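K.L.:
Sequence and predicted structure are below.
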Amino acid sequence: MRRRPHTFRVPWGVPAVLLRVLLVAVTAAGAMLLVPVPLWRGVAITAAVVGAVVPRSLAAWIGGACVGLGMLFADPQPAQTAIAVLVVHAIHVLASLAWTVPAGSWISLRALLPTLRRFVVIQLVAQSLAFGIAMLTSPAQGRGMAWAAVAAAAVLVMGAGVGLFALRRVDADVAAVHSARGGRSGADVGGPA
Amino acid sequence: MSDGVRTSIEAPLRWRRTPVTAVGLIGAVLLGAAGVAFSRPDLVAVGIPLALATAWALARRPAAGILHLTVSAHRDVDAAQTGVVVGEMDAALPADWVQLAIDQGGLRTGLADTAPGGGALRTRSRLRHSGPSEIVAVTARGVDQDGAWVTDPGPRTALTWNGVPDTVPLQQLPVALRLTGLHGGHEGARPGQGGDFRDIHPFAPGDELRRVDWRATARLARRPGELLVRRTHALSDSTVVIAMDTADDLGEAVVTWGTDDPEHSGVTSLDLARQAALSIATSAVQAGDRIAYHVLAPGGRTVRAGAGARQLARVRDVIAATGAHGAEVRYRRAPVIAHGSIVFVLSTFFDGAAAELATHWRAAGHAVVAVDVLPAPHAERLAREQLLAMRTLLAEREDVFAELRAAGVDVVPWGIGSPDTALRVASRGQRRLRAVRP
């Protein structure tokens, strides 16, 4: 067999297709643990597979939504909630990576360290909030908190509005403020060309 | 070629948002709305990390910056075989990671996502050919916030490696028909010092007294006081002009002629031409001769005549950087050849333009050697028509060689047999010609 004349090596590199395999595995594990209805499990896993093969289809997020919404078929439990917070976030991160990193690429593990750091920080905050919500809304303490639903709806609407505004502002600002100008280099004294 | 080459670029980054942020926002709102609608606070909690990730991506958007990409390569001294080149890429930019598209040998070999910094990627290439080749080319873009932000791809950064050909030891080179100069390693035609016996001549003003041959004077002097001196030939140098025709780069595998397939072409005519040029130059410098180098393509490089190790190093670098010029023109530039030079024309002699030049130079009185650099052709996988066409071309080439020989040009095949033997035969022929010159 002829050896390939050209090769390259990424230090601490792994095939990027592993990220997609991990996406399917996490979605499948989440579906099996959190979703009691077999049809929803099947939809979640199928969507994850489609999302792993064609990330631009956004099907991976559909799989994540199936896992999250599938919890409606079971009674709420703090452990299940903690797992769901972990799994749905992991699906979001893995789907984002699958969107950006081509399957044939080699990705350095060092490059994933900022991702891992962000994931841990967000999980610490989200798990704490989830635990607090679970405590506040437990059957023992949750009575008489009907106002919380109205407050949550208001916060939700406000959050969505702020999010949309932020997206639009970012899109408007990004070209003007957050990119260096190309073209001329060196000192520009404004003299005749 | 030096042991290492390096190139670097700086390009401004232009960040743009991917749909990841919007999808995260939609997911968070969807889960939150479902939680509110179905009175399930646990669903609201599941949406929190998506909301936090989206907020983080929007709040910590990457700042403007400059992509610094450096690509370097050096010879792999540890490799068991020669011709192995190791490349390394350093990428610096304010981002989580850099996405690289890697081309090696002109073809896309893969993609890599690496952390910014030194040693982001290492490449290894086994060179099949000497001469210039694009050893690695990289296109980079930055990625930040788990893919929520990406930059546009930067400019393609290519690194060209000029592979130095190996050399064939040549014992003897033919020299110019008319040697000039009063120093060098070859016996000239003029009287002087350093060479073999030339003749016995009556003493004339300017002759050194120690040159007086007393025996010859005693035997041959006709008048009293007449002295006879013993004269010797001067030692002269030869100027070796190497003219390389870069119109064709044809490999051993005839089936690859007309295609750009360096991986399957085998040894090519330009490989042999570069090897021949460097071998001739090395041998000439070792013999104390001057060398000049011309690429016959329009706009081709020229190295003026000179001698010594530094001239050889200069010529070696230019030979290593000589590639096919690619233009489909029959025109070849005709460099001016100094009087008393021997010209080696390196070509495949397919279109006759190089042969025409060789004939003109011979007609002008220069010694000319036509070096045929076409490798022994392999006719595998050729259709009958292609086989016929190949035989016709080779037959036409034989006609060209017959005409060259008739014009007094020595023809030396470089790819078939021993070029050293062929050059020795040519050298003997040149010596004979010099001996019968008036």
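P.N.:
Perfect, thanks for sending it. No experiment lies behind these values; they were computed from the predicted model shown.

K.L.:
and the longest helix belonging to chain A, what other elements does it pack with?
P.N.:
Longest among the helix segments of chain A by residue count, using DSSP state H, is helix A:146-177. Using 3 or more CB pairs under 8 Å, 6 or more residues apart in numbering or on different chains; DSSP states H and E as the contact definition, the elements that helix A:146-177 packs against are strand B:15-17, helix B:20-37, helix B:41-59. For the C-beta atoms, the positions are set from N, CA and C on the backbone; glycine is no exception.

K.L.:
what residues are up against B:Asp42?
P.N.:
By CB atoms under 8 Å, 6 or more residues apart in numbering or on different chains, the contact set of B:Asp42 is A:Met71, A:Pro76, A:Gln80, A:Thr81, A:Ala84, A:Ala130, A:Ile133, A:Ala134, B:Gly35.

K.L.:
Could you find the closest non-adjacent residue to whatever residue of chain A ends up closest to chain B?
P.N.:
Taking CB to the nearest CB as the measure, chain A has A:Thr100 as its residue closest to chain B, at 3.1 Å. Taking CB to CB, 6 or more residues apart in numbering or on different chains, and ignoring the residues beside it in sequence, A:Thr100 has B:Gly147 as its nearest neighbour in space, at 3.1 Å.

K.L.:
mind listing the helices for the stretch 101-250 of chain B?
P.N.:
B:214-220 (DSSP state H, counting those that start in this stretch).

K.L.:
What segments of the stretch 151-300 of chain B are strands?
P.N.:
Assigned by DSSP state E, counting those that start in this stretch, the stretch 151-300 of chain B shows strands spanning B:157-163, B:186-202, B:228-236, B:239-244, B:290-295.

K.L.:
check contacts around B:Arg405.
P.N.:
B:Val411.

K.L.:
ok, now with 10 Å
P.N.:
Neighbouring residues of B:Arg405 by CB atoms under 10 Å, 6 or more residues apart in numbering or on different chains: B:Ala370, B:Val411.

K.L.:
and it, that's in a helix?
P.N.:
Yes - checked against DSSP: H, G, I helix; E, B strand; the rest coil, B:Arg405 lies within a helix.

K.L.:
quick check: domain ranges of chain B?
P.N.:
B:4-17+B:62-163, B:198-236, B:239-436 (automatic domain parsing).

K.L.:
to the chain's geometric centre, what's the distance from the first one?
P.N.:
Meaning domain B:4-17+B:62-163. Domain B:4-17+B:62-163 has its C-alpha centroid displaced from the chain centroid by 23 Å (CA atoms, centre = their mean, to the nearest Å).

K.L.:
in the stretch 101-250 of chain B, what residue is nearest chain A?
P.N.:
B:Gly147 (3.1 Å).

K.L.:
Can you read off the pLDDT for that residue?
P.N.:
Per-residue confidence for B:Gly147 comes out at a pLDDT of 91.

K.L.:
Run a quick check on it versus B:Arg141, I expect a contact.
P.N.:
No - assessed by CB atoms under 10 Å, B:Gly147 is found out of contact with B:Arg141, at 11.3 Å.

K.L.:
and the two? which has more neighbours close in?
P.N.:
Each of B:Gly147 and B:Arg141 has its neighbours counted (other CB atoms under 10 Å in any protein chain shown); B:Gly147 has more, 26 against 19.

K.L.:
how many other residues sit next to the residue nearest to A:Ala60 when sequence neighbours are not counted?
P.N.:
Counting by CB to CB, 6+ apart, A:Gly51 is the residue found nearest to A:Ala60 once chain neighbours are left out, at 2.7 Å. Using other CB under 10 Å, the number of residues around A:Gly51 comes to 27.

K.L.:
Thank you, goodbye.
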